[in-house]
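> fold the following.
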Amino acid sequence: MQQPATRPSPPPFASPAEALAFVDGLRQTMAELRSVLIEETALVRAARIKAARPFELRKTELSHRYLADLTRLKLHGAALRAHAGSALAGIEVEHEALQEALQVNLAVLATAHAVAEGIIRHVSQTVQARRAPAGYGANGRAHAPAPHAAAPVAVVRSL
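Okay, here's the model as predicted:
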């Protein structure tokens, strides 16, 4: 049995310049990710799903970079504070702004998903209702459609 490959631990900060460059990179990543989230949210709210699709790849890439930076920040936080403590002051505020944008984005995406699912369910139920017999049986009850009478509904995923 093979064991999963482990990623090497990120290196500690060797100098104040490297620590400052890391903080600047983290800020840039957070700003870009927040911008992508805001743009994607606006497009999804406007029901322009197809226009929002290109943001998915960029959002994934920035999220991976952001998580890698957070891992390095957690592992070497003491060294980072020693080398670039003053530069870390605004990171928390920027992190909170990113979290707010992420929460709004997730809520909008969940709403869009629920609406789409509701539409598909309604169409399926309408199609099935039209295929159901409209008569009554000898016992005075409506006939239930046979289980094999249910027809599949095809969904085209490309918009």
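> show me which positions of stretch 104-112 end up buried.
Residues Asn105, Val108 are the ones in stretch 104-112 that count as buried (16 or more other Cβ atoms under 10 Å). Every residue, glycine included, has its C-beta placed from N, CA and C.
> mean confidence score for it?
For stretch 104-112, the per-residue pLDDT values average out at 94.
> so where is the chain shaky, pLDDT-wise?
1-7, 131-134, 136-137, 143-159 (pLDDT under 70).
> what about the helices in it?
For the chain, helices defined by DSSP state H occupy the ranges 16-45, 49-52, 54-75, 77-84, 91-131.
> of the ones you listed, which is nearest Gly140?
Proximity to Gly140 (Cβ to Cβ) singles out helix 91-131 among these, at 20.4 Å.
> which secondary structure elements does the closest one contact?
helix 16-45 (3 or more Cβ pairs under 8 Å, 6 or more residues apart in numbering; DSSP states H and E).
> summarise which helices and strands the helix it packs on is packed against.
Contacts defined by 3+ Cβ pairs under 8 Å, 6+ apart place helix 16-45 against helix 49-52, helix 54-75, helix 77-84, helix 91-131.
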